[in-house]
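A.B. asks: here are the coordinates; sequence isn't available:
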Ligand code: T3D
C-alpha cells in the first residue's frame with residue numbers, strides 16, 4: 001500500500017486494485033480551489049490510465065466530504081471588499097466543474113463516493129456523479145446553490161430529477177435544506193447510508209467486491225443506463241444488443257460462463 005504525501009490537495013493511495021482519492025483541504029471542508037481541481041483531474045486521469053486500478057474511491061479528509069466551490073478563492077469568487085467585482089462564474093464551470101463531472105462519469109472503472117461528512121454545492125453533485133454513493137450516517141447533502149444565488153451545477157440539474165424525480169429535485173434545489181444521509185438513502189438520492197462505525201469497513205468491502213467483478217461490463221452498464229435516458233425502448237434494446245455483442249467476445253464473458261459451469265469463482269481481468 002502506498003503512503004500519500006500529506007501536503008497534497010488530493011491524497012492518493014492504492015491497495016489491491018483500489019485507488020483511493022481523498023480531497024485534502026479539511027480546514028475548509030475540502031472545498032474546491034483551482035489547484036485542487038488540477039490535482040483531482042490528474043489523479044483521476046492517472047487512475048483511468050493505470051491497468052492495476054479496478055475501482056476508485058473518492059472521499060474527503062477530516063470531517064467533511066466537500067463543501068463545493070471555495071467561496072473565498074479569488075480566482076472564482078466575487079470580491080466583496082473590491083465592491084463585489086463580478087467574475088465569470090460560467091467560465092469556472094466550463095474550465096473545472098464540467099470536465100470534472102465528465103471525467104467521473106466516463107471513468108473506465110467503477111467509482112464509489114464515500115461520503116464521510118457534509119457534501120454541499122458542487123461537492124454534493126460530485127458525489128452524485130459517482131456510480132455508488134455510500135454515506136456515513138452523520139453525513140449530509142446540501143444543494144447550497146440557491147443560498148448564494150446560483151443553480152445546481154457539476155451535473156446537479158441533470159442528476160437530481162433523474163435520481164429523485166422533479167418534485168424532490170426542485171425542493172432540494174430551491175430550498176437548499178440539509179438532507180441527512182438517512183433521508184438521502186430513503187428518497188433514492190444515494191445507494192446506502194451506513195453507521196459511522198461501519199463506514200470504512202463497508203466502503204472497503206464494496207470496493208473489494210467491485211475489484212473482483214468484470215470491470216468492462218460494469219462500466220458498460222453505467223454507460224448504457226445513462227444513454228437510455230434519451231432513447232426510446234426500441235433504441236435502448238438495440239443499444240443493449242450492440243453492447244452485448246462487444247462484451248460477448250470479451251475474455252470476461254468466456255471466463256464468467258466457464259466459471260459458472262465449473263462451479264468455481266470467476267477470475268475477471270478485462271478493463
Ligand atoms: O465559481 C463559482 O463560484 C461557481 C461554482 C459553484 C459551485 C459551488 O459549489 S457553489 C456552492 C458553494 N458551497 C457552499 O455554498 C457551501 C458553503 N458552506 C456551508 O454552507 C457550510 O460550511 C456547510 C453547511 C457546508 C458546513 O457547515 P458547518 O457549520 O459544518 O461548517 P462551517 O463552520 O460553516 O465551515 C467550517 C470551515 O470551512 C469554515 O472556516 P473557518 O471559519 O473554520 O475558518 C468555513 O468558512 C469553511 N468553509 C465551508 N465551506 C466553504 C468554506 N470555505 C470556503 N468555501 C466554502 N464553500
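C.D. replies: Structure's in. What do you need? All figures in this text were calculated on a predicted structure; none of them were measured in a lab.

A.B. asks: and the residue of the stretch 101-250 of the chain found nearest the ligand, how many neighbours does it have?
C.D. replies: Proximity of the stretch 101-250 of the chain to the ligand (C-beta to the nearest ligand atom) peaks at residue 121, 2.6 Å away. Heads up, the C-betas are built off the backbone N, CA and C, glycines and all. Counted with other C-beta atoms under 10 Å, residues neighbouring residue 121 total 27.

A.B. asks: Just read off the phi/psi values of it.
C.D. replies: phi 50, psi -130 (degrees, to the nearest 10).

A.B. asks: ok, residue 241 to residue 231 distance?
C.D. replies: Per C-beta to C-beta, to the nearest Å, residue 241 is found 13 Å from residue 231.

A.B. asks: oh, I was asking about residue 64
C.D. replies: Applying C-beta to C-beta, the value for residue 64 to residue 231 is 38 Å.

A.B. asks: Just want to know which of the two has more residues nearby.
C.D. replies: residue 64 (24 against 13).

A.B. asks: Wait, that one touches residue 26, no?
C.D. replies: Yes. If you go by C-beta atoms under 8 Å, residue 64 and residue 26 touch, sitting 7.0 Å apart.

A.B. asks: What residues of the host helix or strand of residue 185 count as buried?
C.D. replies: Per DSSP states H and E: residue 185 is located in helix 181-186. By neighbour count on 16 or more other C-beta atoms under 10 Å, the buried set for helix 181-186 is 181, 184-185.

A.B. asks: Let me see the mean pLDDT of stretch 10-24.
C.D. replies: Summarised as a single mean, pLDDT over stretch 10-24 is 98.

A.B. asks: hang on, I meant stretch 231-248
C.D. replies: Mean predicted confidence for stretch 231-248 is 98.

A.B. asks: Over to stretch 55-73?
C.D. replies: For stretch 55-73, the per-residue pLDDT averages 97.

A.B. asks: what does stretch 252-271 give?
C.D. replies: 97.

A.B. asks: in the helix or strand in which residue 12 is found, what's buried?
C.D. replies: Applying DSSP H and E as the criterion places residue 12 in strand 10-15. Residues 10-12 are the ones in strand 10-15 that count as buried (16+ other C-beta under 10 Å).

A.B. asks: Can you give the contact residues for the very next helix or strand once past it?
C.D. replies: Remark: after strand 10-15, the chain's next helix or strand is strand 18-23, criterion DSSP H and E. Residues outside strand 18-23 that contact it (C-beta atoms under 8 Å, 6 or more residues apart in numbering) are 4, 9-14, 30, 36, 40, 43-44, 47, 50, 53-61, 65-66, 204, 207-208, 211.

A.B. asks: Direction included, what does strand 18-23 pair against?
C.D. replies: strand 10-15 (antiparallel), strand 55-60 (parallel) (DSSP bridges).

A.B. asks: Redo these as JSON lines? Include distance to the ligand.
C.D. replies: Formatted as JSON lines, the strands paired with strand 18-23 follow (distance: least, C-beta to the nearest ligand atom, whole Å):
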{"stretch": "strand 10-15", "distance to the ligand": "17"}
{"stretch": "strand 55-60", "distance to the ligand": "11"}
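
A.B. asks: Between the ones you listed, which one is closest to residue 195.
C.D. replies: strand 55-60 (16.5 Å; C-beta to C-beta).
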